[in-house]
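[1] model the structure of this input:
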Amino acid sequence: MPAPLIDAEIGSGHSLAALQKATVAASPNATPPRFWVRLLPSITDVASLLPLYFVFVKQGGAPALLQDAGTALHILTGNWILAHHAVPHRDLFSFTKPESPWCAWEWGWDVLAALIHQRFGLSGIVLAHCLILALLFALLFRLIRRRSGNSLIAFALTVLAVQTSCFHWLARPHLLSWLFVVVLLHLLDWSAGGSPRALWFIPPLVLLWANLHGSFFIALILLAASVAGELLLAAVVPGAQGPRAHFFAARRYTAAAFASLAASLCNPYGWRLHAHIVEYLLDSRQLERIKEFQSTDFHHSPALAIELLLLLGVLAALWSIAARRWAEAIAILIWAHFALVSMRNVPLFAFIAAGAIGAMLTGAGAAAARLPVRPWLPRLARGILEFGGDIEEMERITRVPWLAALALVFIALLLRAPVKPTGFAPAVTADFDARIFPVRAVAEISAAGPVGRVFTSDQWGDYLLYRAYPNVRVFLDDRSDFYGADFDGAAIRIATAQYDWRELLAKYRVDTALLSPKDPLAAVLRLSPEWRPVFSDSVALVFRRTQVSSEYLTAENPMGGRVKDFKN
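    Numbering: from 1, shown residues only. Down below sits the predicted model:
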């Protein structure tokens, strides 16, 4: 953007985005761009390629998205739903809690995952999540760009959002919930910008969301923040018309919130889904055992990026208060708290705060450009605004998104290729990493005959189910909301060979143990005459029970006896 336009913007106090729109509107006779210009890649295309670059270059490729075997559990649940034309209400996978009540709260995504897997295998699962990530960050870039009016600032903040969320990129339905959050932020921003009809799309979005992932309550919290912000403005804005306008806006957000709540009840479990989610999120004993619900470890990467994000977010909240966007400030501060409490909320905080941060940085740059200080600072700020404005002129031209589409097609061909090109093979092999999961051990167990009752970790339980279900049931899997804190505590005591490990294994009649060499129980079983090792490699050890102790006798055993009633 030329310098006189920046001077005009600074003097008038209007936003840079509004000035750019006015500049374009003032030139109705401008020559339309040539066709070849529309074929040039846009910054939006580049933003959509950012997560693909991170996945396949910096994180190791397809196996990085499959580091959580819970992906397999979604596929198996979806297969069951498709086969029975119903959602499950009882446990399907364990021998420790058979037929216990179970709420498959992500059943919609389970069905989609099963359909994709049946047709394309794990490569299809990986590609679907790459598509979700590409669309997510393209939409996030567009949101920040609209708020800031500067494509350079918007792209820089998109990179920051990528860096602060990539630690939780897994082939799980929460990535789709992130996409819904960004779509919701677009709708709220359009509503705040004078398009109240955008709120009509939120209840249908929540209806879909509630059947795909349990985080749909994020929409209700953001709508509640909008209601609170408008009511606060109605209380403090002077004049006769100002309070009335904010009061009516609060009514619209309230109506949207109640309509969204009603829409969320349209799921196979009804209100029990909501009760289940609340009960789970309030169970502090359970959440403290789950790494993703723990606080961020600021001693490791990407701690610096997260610290920068939190600092910018708090400053943006103050900026939003000054700009009378109080609903936005309330939402940012709420998620800043959530991000400090749980690392799982850091990406959500990045998405929610990004638009306000972009608006703040553009405004701060315009203010810095007129500061009576050393000349390098105003020149730097002016240069950033001018360069960003020049890019913005190009970004407003409608483009053909061929670059992002071509990249996704190329990745799809590599993932589906029967013979992987040399050098690409590890990154485009869509399978569970044999360095993390007991690939050889599970193959050995399955080939040796009936699997039996296997004790293993939750993640390895998921992998075992993926390879051997329905011919196997597990001690536990990663459905922490289903098993509960007491049962998970018992599993931890077994794995760490605490005082009652022997009694707990006897209680559940475990005859096989699939363990990591790092598990304390592995060292104990090597010394126990009741167990013998039958397989070992650098990843896993397999033990079989060799003799039956008195605690292990059951009513079905010819020798009689009953299992002792040990408490978890």
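
[2] show the average pLDDT along the helix or strand where Leu318 lies.
    Assigned by DSSP states H and E, Leu318 belongs to helix 303-322. Per-residue pLDDT over helix 303-322 has a mean of 93.

[3] buried residues in the next helix-or-strand element following that helix, which are they?
    The element immediately downstream of helix 303-322 (helix or strand, assigned by DSSP H and E) is helix 326-341. By neighbour count with 16 or more other C-beta atoms under 10 Å, helix 326-341 contains the buried residues 326-336, 338-339. Any C-beta I mention is one placed from the backbone N, CA and C, and that applies to glycine too.

[4] now swap in stretch 337-354 and tell me
    By neighbour count on 16+ other C-beta under 10 Å, the buried set for stretch 337-354 is 338-339, 342-354.

[5] out of these, list just those in helices.
    338-339, 346-354 (DSSP state H).

[6] helices along the stretch 451-568 of the chain, start to end?
    With DSSP state H, counting those that start in this stretch as the criterion, the stretch 451-568 of the chain has helices at 458-468, 480-495, 501-507, 520-527.

[7] just name the most buried of those.
    Of all those, helix 458-468 carries the top mean neighbour count, a mean of 23, counting by mean count of other C-beta atoms under 10 Å.

[8] from the chain's centroid, how far away is that one?
    22 Å (C-alpha atoms, centre = their mean, to the nearest Å).

[9] what residues does that helix touch?
    If you take C-beta atoms under 8 Å, 6 or more residues apart in numbering as the criterion, helix 458-468 is touched by 68-73, 75-76, 93, 432, 437-438, 442-443, 445-446, 451, 454, 456, 472, 474-478, 480, 491, 514, 540.

[10] buried among those? Make that a ChimeraX selection.
    Selecting only the buried entries of these in ChimeraX, with 16+ other C-beta under 10 Å as the criterion:
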select :68,69,70,71,72,73,75,76,93,432,437,438,442,445,451,454,456,472,474,475,476,477,478,480,491,514,540
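
[11] mind checking which of the contacts of helix 458-468 land in strands?
    454, 514 (DSSP state E).

[12] which neighbouring elements make contact with the helix of greatest length in the chain?
    Once the chain is assigned using DSSP H, the helix that runs over the most residues is helix 107-148. If contacts are counted by 3 or more C-beta pairs under 8 Å, 6 or more residues apart in numbering; DSSP states H and E, helix 107-148 sits against helix 16-25, helix 43-53, helix 62-65, helix 70-84, helix 151-165, helix 174-192, helix 346-368, helix 402-416.

[13] was I right about Ala303 contacting Leu309?
    No. Under the criterion of C-beta atoms under 8 Å, Ala303 is not in contact with Leu309, lying 10.6 Å apart.

[14] which of those two has more neighbours?
    Between Ala303 and Leu309, counted using other C-beta atoms under 10 Å, the more crowded position is Leu309 (26 against 13).

[15] which one is that one nearest to, not counting chain neighbours?
    Thr164 (5.2 Å; C-beta to C-beta, 6 or more residues apart in numbering).

[16] mind listing what the one you found touches?
    Thr164 neighbours (C-beta under 8 Å, 6+ apart): 302, 305-306, 309, 346-347, 350.

[17] quick one: which of those is nearest Arg142?
    Nearest to Arg142, judged by C-beta to C-beta, of these is Ala350 at 15.5 Å.

[18] what's around the residue nearest to that closest one when sequence neighbours are not counted, how many residues?
    Nearest non-adjacent residue to Ala350, counting by C-beta to C-beta, 6+ apart: Ala161, 4.3 Å away. By other C-beta under 10 Å, the residues close to Ala161 number 27.

[19] which residues touch Ala161?
    Listed by C-beta under 8 Å, 6+ apart, the contact partners of Ala161 are 137, 140, 347, 350-351, 354.

[20] what's the answer for Leu208, then?
    Neighbours of Leu208 in contact, by C-beta under 8 Å, 6+ apart: 108, 180.

[21] picking that back up, roughly how far apart are the residue nearest to Leu309 and Leu333?
    To Leu333, Thr164 is 18 Å away according to C-beta to C-beta, to the nearest Å.

[22] tell me the pLDDT of Ile357.
    96.

[23] the closest residue to Ala114 other than its chain neighbours - how many residues pack around it?
    The shortest distance from Ala114 to any non-neighbouring residue, by C-beta to C-beta, 6+ apart, is to Gly78 (2.7 Å). When neighbours are counted by other C-beta under 10 Å, Gly78 registers 24.

[24] okay, Gly78: pLDDT?
    Gly78 is assigned 97 on the pLDDT scale.

[25] picking up where we left off before, tell me which of the helices of the stretch 451-568 of the chain lies nearest to Pro401.
    From those, taking C-beta to C-beta, the stretch that ends up closest is helix 458-468, at 34.8 Å.
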